[in-house]
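Undergrad: Please work out how this folds:
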Amino acid sequence: VGTILETAEEDLEKLFAVNVRGMFSLTKAFLPSMIARRSGVIINLASIGGVVAIKDRLAYCTTKFAVIGFTKCLALDH
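TA: Numbers count the residues shown, from 1 in each chain. Here you go, the predicted structure:
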């Protein structure tokens, strides 16, 4: 989308809805049965934009950093 000055809140919300909320919702739906079965694997895909910043991609990188943080926390908790 661009820098923070070029990114509308709606742009950030759209990317957050797909990249973070979607992953959160799916994990929340499937994790209880995986725990009950004591088996399962969750693979979350981020991108290099979740590890290092990419110029003019503030909203995208923000959501990809969130994906990586979410995945690390999930791994520690479960």
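Undergrad: tell me the average confidence for stretch 42-53?
TA: Mean pLDDT, computed over stretch 42-53, is 95.
Undergrad: Give me the distance from it to the chain's centre.
TA: 8 Å (CA atoms, centre = their mean, to the nearest Å).
Undergrad: Need the contact partners of that stretch.
TA: Identification of contacts with stretch 42-53 by CB atoms under 8 Å, 6 or more residues apart in numbering yields 23, 27, 30-31, 34, 54, 57, 60-61, 64-68, 70-71, 74. In short, each C-beta sits where N, CA and C put it, glycine included.
Undergrad: what do you get for stretch 20-34?
TA: 40, 42, 44, 63, 66, 67, 70, 74, 78.
Undergrad: now swap in stretch 62-76 and tell me
TA: So stretch 62-76 is contacted by 12, 15-16, 18-20, 23-24, 27, 42, 44-47, 49-51 (CB under 8 Å, 6+ apart).
Undergrad: Alpha carbons of the longest helix anywhere in the chain, as CSV, please.
TA: Using DSSP state H, we find that the single longest helix of the chain is helix 58-77. The C-alpha trace of helix 58-77 is given here as CSV (Å, rounded to 0.1, in the frame of the first residue of the first chain):
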residue,chain,number,x,y,z
LEU,A,58,4.0,-0.7,6.1
ALA,A,59,0.6,-2.3,6.4
TYR,A,60,1.6,-5.6,4.7
CYS,A,61,4.7,-6.0,6.9
THR,A,62,2.8,-5.1,10.0
THR,A,63,0.4,-8.0,9.4
LYS,A,64,3.1,-10.4,8.4
PHE,A,65,5.1,-9.6,11.6
ALA,A,66,1.9,-10.4,13.5
VAL,A,67,1.6,-13.8,11.7
ILE,A,68,5.1,-14.7,12.9
GLY,A,69,4.4,-13.5,16.5
PHE,A,70,1.1,-15.3,16.6
THR,A,71,2.7,-18.5,15.4
LYS,A,72,5.5,-18.3,18.0
CYS,A,73,3.1,-17.6,20.8
LEU,A,74,0.8,-20.4,19.7
ALA,A,75,3.8,-22.8,19.6
LEU,A,76,4.7,-21.9,23.2
ASP,A,77,1.2,-22.2,24.5
